[in-house]
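[1] I would like the atomic coordinates for the input below:
(2 chains)
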Number of protein chains: 2
Amino acid sequence: MGATETLARFVLSTPSTAIPDSILHEGKRCIINYLGVALYASADPSMQILTGMFQEEGGNPQAALIGSAMSTSLQNAALANGYLAHLEDYDDTHFPTVIHPSAPTIPAAIAVGERQNATGLDVLTATVLGIEACCRIGLSVHPHHYDAGWHITGTCGVFGSVVAAGRLLGLDEGQMVNALGIAGTQAAGVRETFGSMSKPFHAGRSAQSGVLAGLLASRGFTSTATILEGRRGFAAVLSTQSNMEQITGELGERWELPNNGLKPYACGVVSHPLIDAMIRFRNDHGVKVEDVVSVTANVQPLVLELMDRQHPRIGLEGKFSHQHSMAVGLVDGGAFPAQYTDERVLDPTIIALRDKIKATVDPKMPEDAAEVTVTLKDGRSITEKVDHATGAPENPMSDAKLEEKFLNLASRVLSKDQSEKLLARLWDIDKVGNIGEIMEMARP
Amino acid sequence: MGATETLARFVLSTPSTAIPDSILHEGKRCIINYLGVALYASADPSMQILTGMFQEEGGNPQAALIGSAMSTSLQNAALANGYLAHLEDYDDTHFPTVIHPSAPTIPAAIAVGERQNATGLDVLTATVLGIEACCRIGLSVHPHHYDAGWHITGTCGVFGSVVAAGRLLGLDEGQMVNALGIAGTQAAGVRETFGSMSKPFHAGRSAQSGVLAGLLASRGFTSTATILEGRRGFAAVLSTQSNMEQITGELGERWELPNNGLKPYACGVVSHPLIDAMIRFRNDHGVKVEDVVSVTANVQPLVLELMDRQHPRIGLEGKFSHQHSMAVGLVDGGAFPAQYTDERVLDPTIIALRDKIKATVDPKMPEDAAEVTVTLKDGRSITEKVDHATGAPENPMSDAKLEEKFLNLASRVLSKDQSEKLLARLWDIDKVGNIGEIMEMARP
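    The predicted structure is shown next:
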C-alpha cells in the first residue's frame, strides 16, 4: 500500500480516543490561537475586497465568516477564514518545516463542520489529523521544497484542509484517496508574493482547495491514487528529493503538533529570536533608541533569505523585514499588529534605527536562535544570545499567555464579556454539541 | 521594465485592430472548436458532480454553463466550462509546448464577458491575447517545466484566463500586474492525475483562478509585480530554466496562434500521427484487424512518457493509451469520443489488437511525426510514415473540417438547426453586440 492510501486509511480510521490528551490539548490551543488572529484580522480593510466579491456572487449562507455577521458558501468561507488566519502573520508555525498549519486546516474544518452539524470534538479531531497530515507531507519534501521557492503553507496546506474536510464529510477510503489527489494537484503558492495580500491568500486558497476536493470526491469525482508518491505526483514534481517514510512512519505514535509553536509576534517567525533580544536590551538593560550607534546580529540563513528588507513601504512588507521587527522590538517592546501598520513602517525613529542594523548569516545558527550585539554612544557593547525564541517548541507560549493573546486580539471586534465567554467555550470545545454554536459566538 | 509589467502593458494596450486578420480568424476557430467540444462534453455524467455542488452552493446566475439551462457564478461557470473544454481531450494544442490554451482561456473570457456585457469582438480579442500570453509563458519554461511533471495547461493556463478576464474587466496596468501575480501564484496541476477527471479539472481550475485573480485585482487586492521573472516567481520555482525573451520578444509582431492546432482525435495529441497511420492502413491498404500479426512504431519520446498504457480500464484512461488509440484507428477508422467510452476500452477485439502493438522511442522523431509498420498474416509488411499529423500546424484542420467537427459534436445536445445557426453566428462573432446572445444560443 502506497503513502497516499496509507495516509487516507489512517486519517479516516483513527478515533479521537486514539489521540493522546496532550495532542488534543495542543489542537485546542491551535483553534484558540486561530480564532484570535482571525477575529483581529477581520477588521482589516482588505476583507472588504473578499466580502464585496462574495456579495456580488451571492450563494447560500452555509458557513460563517469569522468576525462578521455574514455567512457564505463553504468554499468562500474557507477562502476568507484562511486569509484571515494568516493576514497578520501571527498564527502558528511548525518549526521543522515553517508550515503555518492551522491557517489552511481549521477554516476547512469549521466550514465543513457547520455543513455537517459536527460536534466540537469532531472538528477538533479533524483539525488534529489535518495538521498531522499537512506537517508530515511537508517533512517528506523538506527542506528542498521550501528552498526552491514554494510557500509551503500554500502547497502542503491543501492536504491539511482536505483531510479535515474529508473526514468531516464522512468520505470512504477510496473517496479520501481521490480527495487527496484532487487537493494535491491544486497545491500552489510561490514566495515571490511575500509582503503582499497574496501571501495570506495562499492559506485561504489552500483551505478552499481542500474543501472543494472533499466535496467533489464525496460526489464521485476521480483522481490519481498516488498523488504523494507517484512518479509525476506532488513530491516528485514539487521537490528535488522526498522521503515517504516521513508520511507513513509511526502513524498514530509520533505526532507533529508538539513541534508547532504559537507566534508571540505578528511577523515572519525567523525574526522572532531577534525581537526577543531587542526586547531584552530594552527591558533588562534599559537601552534607549537614542543611545544606539549600531546593532549587529548573527542569524540563521533564512533570516536574510526571507526578511532582508531595509525599507519596507507598507505594513505587510514590514512583516518581512527583520530590520523593522528588531527596531520595533527595541522602541515599542513588542511586535504586535500595531507595529506593522502602514504608518508605523514610515515612522522616522524606526527608519533611523533600521538603518543601524546589520545581520550576518551563521550557517550553524539553529532556526529558533540568534545572537545580537548593540553598541551604544557611551562606548558600551551588550550581547544577548537567544537559544530558543519565545513561542518555539522548546520555549512554548503558556496557556495563560495564549489567553492573554486571544483576549487582546479578539477585543478588536468583540466585547470583553463576549471574548471571555468564547474563550471559555473554546477550552471546552470537545464538549460542544454543534460547531455552529462556536461560530455564532464569534460574531461581533 | 520587467517581463510581467511588459506583458501587462501589451495585453491592455493592444487594440483588436492591431491584431492581424489571420490571427483573429484563428481565434474564431478556437472559439468554434471550444464550443463544439464543450457542448459534447456537457452530456457527460460527471458534469452532474459539478452542477450538484453548484446547486447546493447557490449563487446569482452570472454566467451560463455550456450545454445547460443553468447559470451560476462567474467562478463556477469558469470552472465547469473549463472542465468541459478538456474532458474529451479533444480541444486544441499549442504544439511547441503541448498547452491546450483555449480550455482555460475561453471560459474566463466568456464568463467575464457576460458580466461586462462585452461585445463578441471584445471576447475574441481577449481570447487571442490570453492565448498569446499563456503560450508565450509556456515557451519561456519549455521543455523543462513539462518534463518535470507539470500539466502545463493547468499551470500556464492561469495566465491565459487572467489576461482574458483582466482585459474584459477593464483593469488598469497596476491592477493587471497584481492580477498576473494572484493568478501565477495559483498555478498548479501535476501529470500524475492523467487518465482521471482531475486532468480536465486542471483546465477548469485554472480558468477559475484567472477569473478570481481578475476580480480580486479589480477591487484592489495586491500581489508581487514580478511573478514571471522574480527570484521566487513562477519561472524560477516551477522550472529549472527559463527565458523571459520568449514572453517579451517581438510582442505584437510574432503570434503563437499559428502554432496552435485543432485536434481531429479525442485523445492525447502525441498519439495523433500514429492514429493517422492506422487509418491509412485501413483506408488505403484495406488492412483488416483479423489479418494483423503485429504492429511496430517508431515514436517521439513523449508517446511512451504520456501514453504507454496497454490496458486502459476506463474511457479516460483510453485517452492516454497509444495502444488503444492506434487500435481504434484501424478498427473504427477514427478516434472520436465514441472510441473512448468505458465500454469501448473493454472490447475484446480492441484488447487483442492492443496486445500486438509495440512502440520504440526514436529521439530524433519530430513531435508531429511517426513511422508505423504492420505485419500481416500473409507475410506482407506495410510501413506508413506520417510527417505531420492531421491537425498539426503544418497540416491544419480546414475550416470545412472544423465545421464538420463542430456540427457532429454539438448534435449531442443541440438540434441540427440550432447547431447550424450557432455556427454561423460564431463565424460572425466579431459582429455580435453582446456575448450573452451567443451563450443563450448554446443552451439546449
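
[2] what's the pLDDT at A:Arg425?
    pLDDT recorded at A:Arg425 is 98.

[3] can you pull the contacts of it?
    A:432, A:437-438, A:441 (Cβ atoms under 8 Å, 6 or more residues apart in numbering or on different chains). (Each C-beta comes from the backbone N, C-alpha and C, glycine too.)

[4] Show me which of the residues you listed are buried.
    A:432, A:438, A:441 (16 or more other Cβ atoms under 10 Å in any protein chain shown).

[5] rewinding a little: chain B next: which of the contacts of A:Arg425 are close?
    Among the contacts of A:Arg425, proximity to chain B is found for none (Cβ under 8 Å from any Cβ of the partner chain).

[6] on that earlier part again, so of the buried ones among the contacts of A:Arg425, which ones are in helices?
    Cross-referencing the buried ones among the contacts of A:Arg425 against helices under DSSP state H gives A:438, A:441.

[7] sec struct for A:Glu367, please.
    Under DSSP: H, G, I helix; E, B strand; the rest coil, the three-state class of A:Glu367 is coil.

[8] Please list all residues in contact with the closest residue to it other than its chain neighbours.
    Counting by Cβ to Cβ, 6 or more residues apart in numbering or on different chains, A:Glu367 lies nearest to A:Gln300, which is 5.3 Å off, once chain neighbours are set aside. The contact partners of A:Gln300, taken as Cβ under 8 Å, 6+ apart, are A:270, A:361-363, A:365-367, A:369-370.

[9] and which of those is nearest chain B?
    A:Val270 (15.2 Å; Cβ to the nearest Cβ).

[10] tell me the phi and psi of the residue nearest the centre of chain A?
    The centroid of chain A falls nearest to A:His100 when counting by Cα atoms, centre = their mean (2.9 Å). As for A:His100, its main-chain torsions (degrees, to the nearest 10) stand at phi -100, psi 90.

[11] contacting residues for A:Pro200?
    A:82-87, A:89, A:103.

[12] hey, where'd the strands end up in chain A?
    For chain A, strands defined by DSSP state E occupy the ranges A:63-64, A:71-72, A:92-94, A:260-262, A:292-299, A:357-361, A:370-376, A:381-386.

[13] Compare those strands and give me the one nearest A:Ile23.
    Nearest to A:Ile23, of all the strands of chain A, is strand A:260-262, at 10.4 Å by Cβ to Cβ.

[14] which residues are contacting that closest one?
    By Cβ under 8 Å, 6+ apart, strand A:260-262 touches A:26, A:29-30, A:33, A:91-95, A:101, A:131, A:135, A:269, A:391-393, A:396-397, A:402, A:405.

[15] Nearest residue to the closest residue to chain B within the stretch 251-400 of chain A in space, ignoring adjacent ones along the chain?
    Closest approach between the stretch 251-400 of chain A and chain B, counting by Cβ to the nearest Cβ: A:Leu316, at 7.8 Å. Spatially, and ignoring its direct neighbours in sequence, A:Leu316 is nearest to A:Gly195 (5.4 Å; Cβ to Cβ, 6+ apart).

[16] For A:Ser16, give me the pLDDT.
    At A:Ser16, pLDDT is 98.

[17] That one: what's it in contact with?
    A:24, A:121-122, A:124-125, A:430.

[18] nearest to chain B, of those?
    Closest to chain B, out of all of the contacts of A:Ser16 and judged by Cβ to the nearest Cβ, is A:Asp122, at 20.3 Å.

[19] pLDDT wise, what is the closest one at?
    A:Asp122 is given a pLDDT of 98.

[20] what do you get for A:Ala78?
    pLDDT, A:Ala78: 98.

[21] separation between it and chain B?
    Using Cβ to the nearest Cβ, to the nearest Å, A:Ala78 is found at 12 Å from chain B.

[22] can you count the residues close to that residue?
    Neighbourhood size, A:Ala78 [other Cβ atoms under 10 Å in any protein chain shown]: 32.

[23] Same check on A:Gln241?
    12.

[24] so who does it touch?
    Per Cβ under 8 Å, 6+ apart, neighbours of A:Gln241: A:141, A:144.

[25] cool, and A:Gly138?
    Here A:Gly138 is in contact with A:94, A:96-97, A:99, A:145, A:152, A:156 (criterion: Cβ under 8 Å, 6+ apart).

[26] can you give me the helices in the stretch 251-400 of chain A?
    A:272-285, A:301-307, A:315-318, A:322-332, A:348-354, A:399-410 (DSSP state H, counting those that start in this stretch).

[27] Comparing those helices, which comes out most buried?
    For the helices of the stretch 251-400 of chain A, the largest average neighbour count (mean count of other Cβ atoms under 10 Å in any protein chain shown) is found in helix A:322-332, namely a mean of 26.

[28] so what secondary structure elements neighbour that helix?
    helix A:272-285, strand A:292-299, helix A:301-307, helix A:348-354, strand A:357-361 (3 or more Cβ pairs under 8 Å, 6 or more residues apart in numbering or on different chains; DSSP states H and E).

[29] between it and strand A:370-376, how many degrees?
    Here helix A:322-332 runs at an angle of 60 degrees relative to strand A:370-376 (axes from the mean of the first three to the mean of the last three Cα atoms, to 10 degrees).

[30] Pull the distance from helix A:322-332 to the chain's centre.
    22 Å (Cα atoms, centre = their mean, to the nearest Å).

[31] what's the angle between it and strand A:357-361?
    Using the same axes, to 10 degrees, helix A:322-332 lies at 130 degrees relative to strand A:357-361.

[32] Pop the domain breakdown of chain A in here.
    Listed domain ranges for chain A are A:3-264+A:397-441, A:269-386 (source: automatic domain parsing).

[33] I'd like those written out as a markdown table, with distance to B:Ser73 added.
    Shown next, in a markdown table, are the domains of chain A (distance: least, Cβ to Cβ, whole Å):
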| stretch | distance to B:Ser73 |
| --- | --- |
| domain A:3-264+A:397-441 | 5 |
| domain A:269-386 | 28 |
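
[34] now, of those domains, which is deepest in the fold?
    domain A:3-264+A:397-441 (a mean of 23).

[35] first vs last residue of it, how far apart are they?
    The straight-line separation of the ends of domain A:3-264+A:397-441 (Cα to Cα, to the nearest Å) is 39 Å.

[36] With stretch A:234-243 instead?
    Taking Cα to Cα, stretch A:234-243 runs 12 Å from one end to the other.

[37] what's the average pLDDT for that stretch?
    Per-residue scores along stretch A:234-243 average to 98.

[38] Also stretch A:327-347?
    Stretch A:327-347 comes out at a mean pLDDT of 95.

[39] ok, now stretch A:366-374?
    96.
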